[in-house]
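Asker: sharing a sequence plus its predicted fold:
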2 protein chains.
Amino acid sequence: MSHGMAIGKVSEATGVKVPTIRYYEQIGLLPPPPRTEGNRRTYDRKDADRLTFIRHSRELGFEIDQIRTLLSLQDRPGQSCGEADAIAKARLVEVKEKITSLKALEAELERMVEGCSHGRVESCQVIEILADHGKCKHHQHDA
Amino acid sequence: MSHGMAIGKVSEATGVKVPTIRYYEQIGLLPPPPRTEGNRRTYDRKDADRLTFIRHSRELGFEIDQIRTLLSLQDRPGQSCGEADAIAKARLVEVKEKITSLKALEAELERMVEGCSHGRVESCQVIEILADHGKCKHHQHDA
DNA sequence: GCTTGCTCCTATAGCCACTGGAGGATGTAG
DNA sequence: CTACATCCTCCAGTGGCTATAGGAGCAAGC
């Protein structure tokens, strides 16, 4: 028990906000750490690593439940990594789909903005395209 | 009062789900329609148009508050469309940024998945990159 | 007229992943 | 010893819906 960090320190070290760390403990993503006499949480290096893992996973868009799985895989290093691979692949597919749909969105927004003659609302492409879905080329964008 | 539609019909016609229509009424995005003797909502063509406008705006990723503004602009056709233009432009910037960050994410996920030798978790790139943010090239992806 | 089954009504709670605030206890520097 | 920062718990709020419970209305067939 040499290098116990306070929650503020581990927050700073990992980039995960203090209330978020407590939240992760509450939902069982981070094990409850030991406490000091004064009832304060004390974290060690392993906890910090786990939080970094979680943060990075969230940045990549993995859901909490997927992170739960990934963490449990990390805890059992002898196991096949097929499941981790599958989770990452699924996320990759999602990301690719999102990029495609955002590009369609980008195109339509560009059409709207370019078509805007900066006149009256009466003849504004922005409003008009929004009002009439028939004027929209891409009926499949959804995010 | 010839063509009053029930909520189910206007839902079908516009692609907005029934509970969502009631929700929009609750938050003041759609005006409360007249009711029948039996206390049922009756919608007309204008309401359907408004819902289509809202749905399309949501599909393009506009927030409810922005849609509120866009709708109020639509109601005053003589006004300058500068504000609508600004909202659309801001959204376009957001979308472009999101595409950029998703592409960085895509690249990293691809690196993870390709690097996976389908062996043990011990040597799995997926787990390893997640654990060590230093191995990640793109420190700025955030969604 | 009666029953069946669909649509509708309200009110309330839940979803995700946090984020913020109130109100109080503890730790630390000067 | 006094500020002040940090910590604690508990609870409420965010956005944009979605779902459920428990009931009322309505149209069609028998």
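Answerer: Yep, that arrived. Numbers count the residues shown, from 1 in each chain, chains lettered A, B, ... in the order given.

Asker: number of residues surrounding A:Lys103?
Answerer: Close neighbours of A:Lys103, defined as other C-beta atoms under 10 Å in any protein chain shown, add up to 15. C-beta: built from backbone N, CA, C; applies to glycine.

Asker: was I right about it contacting B:Ile99?
Answerer: Yes. Here A:Lys103 reaches B:Ile99: they are 6.6 Å apart, a contact under C-beta atoms under 8 Å.

Asker: which non-adjacent residue is nearest the residue in chain A positioned nearest to DNA strand D?
Answerer: Closest residue of chain A to DNA strand D, C-beta to the nearest atom of the strand: A:Gly8 (2.5 Å). In space, and not counting its chain neighbours, A:Gly8 is closest to A:Val18: 6.3 Å by C-beta to C-beta, 6 or more residues apart in numbering or on different chains.

Asker: so what's the one you found up against?
Answerer: A:Val18 is in contact with A:Ile7, A:Gly8, A:Ser11, counting by C-beta atoms under 8 Å, 6 or more residues apart in numbering or on different chains.

Asker: quick one: which of those residues sit in helices?
Answerer: A:Ile7, A:Gly8, A:Ser11 (DSSP state H).

Asker: hmm, the longest helix along chain A in reach of chain B?
Answerer: Looking across chain A with DSSP H, the single longest helix is helix A:82-115. Yes. Residues of helix A:82-115 contacting chain B under C-beta under 8 Å from any C-beta of the partner chain: A:82, A:84-85, A:87-89, A:91-92, A:95-96, A:98-99, A:102-103, A:105-106, A:108-110, A:112-113.

Asker: which helices and strands does that helix pack with?
Answerer: In this structure, helix A:82-115 packs against helix A:64-75, helix A:125-131, helix B:82-115, helix B:125-131, with contacts taken as 3 or more C-beta pairs under 8 Å, 6 or more residues apart in numbering or on different chains; DSSP states H and E.
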